[in-house]
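# Sequence isn't available, so here's the structure alone:
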């Protein structure tokens, strides 16, 4: 089980069950001991009453006690009994409650006034708890020992104990449920900072926040500080890598410019073949440098974007720029993009993506550029259409490969649409290129909308 919540709840439930079960047994035992003490006190009282009421006839024989107030002594097998034993006279008196049963007192020695307690077989198959004292009593026949016993069915204690347990169980269950709910509440409150860490990381991922905040408990704060340090290191590494790639690309531009100038000088000297070869080589190298420079600006992962892009704004900027070009001035621009909709793409990457596609459409269109968008559930579908000649179906896939151009006469490097494919792959954008039913090409992009 991977859930911390369920692990803690199961451990809490087992702990609560163990504690309440142990507490239940302890309370039942304490109740039983208290009840036993009460029974013993009651039996001691009866023994003392009987001892105070001892009487003998003129022949020295015991007479039944007359001043016992508890009527259970007169009811057969009532559970409360007394018995008098005169060992020397071999006389035994019993309460009516014993009926025809005699309590089997053990033969043991007694100190003067010493109290003995036993568990003995009682009438009707019962077990009794018995208290006995042996007293030296002055009788008409002289001083002799008399054993005074009072007994009570132990079933009285066991029934009371069982009833106490049954009465206590519902309260223990209610207490257990309350403690379990309290543990769940405590766990929820205790894990809330971790939930806030998750929400904070999601905010960082979606670029609504740059870093986790400081409003965390002391136990969680070291974790959030390490996460912030990791994010700082990541940003520094990405920035350093981009800067190095840009520096490398810019560093190569100067030698390439010198190489082109040397080619032109050779061309002036009549070395046309070598000059053309150098120009081709320089052009290829410059295309490669431009491609790597463009790639260095692309966000390497969707989760590392600086913000969410807004297609309405970026399309407007691109169209405004292209309308100032000689061809853009004469084109009919039909733009219908939903406003105030953000997508999960870095704004710079979205600008590179849409810029390459729209610029490519301008190259091949004849009279019109159509940029339209529609929303379906949590997706934004954006289409860029031109009314040019279109492409043969077998060439559609090849135009996304870097350096491949289906028309060598039109200026270009062939790297723009390959960047389009790379940006789409990084940002999980569905890219479709197809010929329009009339004529021209339609490029469709499907974005995940930012939450």
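Perfect, I can see it now. Please read these numbers as outputs of a predicted model, since none were measured by experiment.
# so how many other residues sit close to the residue lying closest to residue 97 once chain neighbours are set aside?
Using Cβ to Cβ, 6 or more residues apart in numbering and skipping the chain neighbours, the partner closest in space to residue 97 is residue 78 (4.5 Å). C-beta here means a position set from N, CA and C on the backbone, and glycine is covered the same way. Burial measure for residue 78: 19 neighbouring residues, criterion other Cβ atoms under 10 Å.
# helix/strand/coil for residue 78?
Assigned with DSSP: H, G, I helix; E, B strand; the rest coil, residue 78 falls in the coil class.
# cool, residue 431 as well?
Strictly by three-state DSSP, residue 431 counts as strand.
# Kindly report the same for residue 148.
The three-state assignment at residue 148 reads strand, by three-state DSSP.
# what about it, how many neighbours?
Applying other Cβ under 10 Å, we find 22 residues neighbouring residue 148.
# Name the residues linked to it by a beta bridge.
Note on residue 148: beta-bridge partners by DSSP bridges are residue 84, residue 133.
# who's in contact with it?
Shown in contact with residue 148 (Cβ atoms under 8 Å, 6 or more residues apart in numbering): 47, 50-51, 54, 82, 84, 132-135.
# Looking at those residues, which is nearest residue 185?
residue 47 (56.2 Å; Cβ to Cβ).
# The closest one contacts residue 147, correct?
No: in this structure residue 47 lies outside contact range of residue 147 using Cβ atoms under 8 Å: 10.4 Å.
# anything in contact with each of these two?
Common neighbours of residue 47 and residue 147 (criterion: Cβ under 8 Å, 6+ apart): 132-133.
# So which of the two has more stuff around it?
Using other Cβ under 10 Å as the criterion, residue 47 and residue 147 rank with residue 47 on top: 20 against 17.
# Are there helices or strands packed against the host helix or strand of that one, and which ones?
Residue 47 belongs to helix 4-52 when assigned by DSSP states H and E. Secondary-structure packing of helix 4-52 (3 or more Cβ pairs under 8 Å, 6 or more residues apart in numbering; DSSP states H and E): strand 80-86, strand 115-121, strand 127-139, strand 142-153, helix 155-205.
# mind redoing it with 6 Å?
strand 127-139, strand 142-153, helix 155-205 (3 or more Cβ pairs under 6 Å, 6 or more residues apart in numbering; DSSP states H and E).
# So which bits of the first one are buried?
Of the residues in strand 127-139, those scored as buried under the neighbour-count criterion (16 or more other Cβ atoms under 10 Å) are 128-135, 137, 139.
# Equivalent analysis for the second one, please.
Of the residues in strand 142-153, those with enough neighbours to count as buried (16+ other Cβ under 10 Å) are 146-153.
# Mind putting those residues into a markdown table with pLDDT and distance to residue 255?
Shown next, in a markdown table, are the buried residues of strand 142-153 (pLDDT from 0 to 100; distance: Cβ to Cβ, whole Å):
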| residue | pLDDT | distance to residue 255 |
| --- | --- | --- |
| 146 | 88 | 131 |
| 147 | 90 | 126 |
| 148 | 91 | 125 |
| 149 | 92 | 122 |
| 150 | 94 | 120 |
| 151 | 94 | 118 |
| 152 | 93 | 114 |
| 153 | 92 | 113 |
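# does residue 446 count as helix, strand or coil?
Under three-state DSSP, residue 446 comes out as strand.
# Quick check: bridge partners of it?
Beta-bridge partners of residue 446, as defined by DSSP bridges: residue 381, residue 430.
# Spit out the contact partners of it.
By Cβ atoms under 6 Å, 6 or more residues apart in numbering, the contact list for residue 446 reads 379, 381, 430.
# Try it again at 7 Å.
379, 381, 429-430 (Cβ atoms under 7 Å, 6 or more residues apart in numbering).
# which one of those residues has the most neighbours?
So for these (other Cβ under 10 Å), the most neighbours sit at residue 429, 22 neighbours.
# quick one: that residue and residue 445 touch, right?
Yes: the criterion here is Cβ atoms under 7 Å, and residue 429 meets it with residue 445 at 5.5 Å.
# Strands of the stretch 351-451 of the chain, residue ranges please.
Remark: strands assigned in the stretch 351-451 of the chain by DSSP state E, counting those that start in this stretch are 368-376, 379-386, 430-435, 441-448.
# model confidence over stretch 263-283, on average?
The pLDDT scores in stretch 263-283 average 75.
# tell me which residues of that stretch are tucked away?
263, 266-267, 275, 278-279, 282.
# What of stretch 381-400?
Those would be 382-388, 390-391, 396, 399-400, for stretch 381-400 by 16+ other Cβ under 10 Å.
# Tabulate those residues (a markdown table), appending distance to residue 223 and pLDDT.
Putting those into a markdown table (distance: Cβ to Cβ, whole Å; pLDDT from 0 to 100) gives the following:
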| residue | distance to residue 223 | pLDDT |
| --- | --- | --- |
| 382 | 40 | 93 |
| 383 | 45 | 94 |
| 384 | 45 | 93 |
| 385 | 51 | 93 |
| 386 | 53 | 93 |
| 387 | 57 | 90 |
| 388 | 56 | 88 |
| 390 | 56 | 84 |
| 391 | 54 | 81 |
| 396 | 50 | 72 |
| 399 | 48 | 65 |
| 400 | 43 | 60 |
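# And the furthest pair within the buried residues of strand 127-139?
Greatest spatial distance in the buried residues of strand 127-139: 129 and 139, 29.4 Å, computed using Cβ to Cβ.
# So for residue 313, which of the helices and strands packed on helix 4-52 sits nearest?
Relative to residue 313, the nearest member of the helices and strands packed on helix 4-52 by Cβ to Cβ is helix 155-205, separated by 22.3 Å.
# Tell me the helices and strands packed up against the closest one.
Contact partners of helix 155-205 among helices and strands, from 3 or more Cβ pairs under 7 Å, 6 or more residues apart in numbering; DSSP states H and E: helix 4-52, helix 221-268.
# repeat that with 10 Å
helix 4-52, strand 127-139, helix 221-268 (3 or more Cβ pairs under 10 Å, 6 or more residues apart in numbering; DSSP states H and E).
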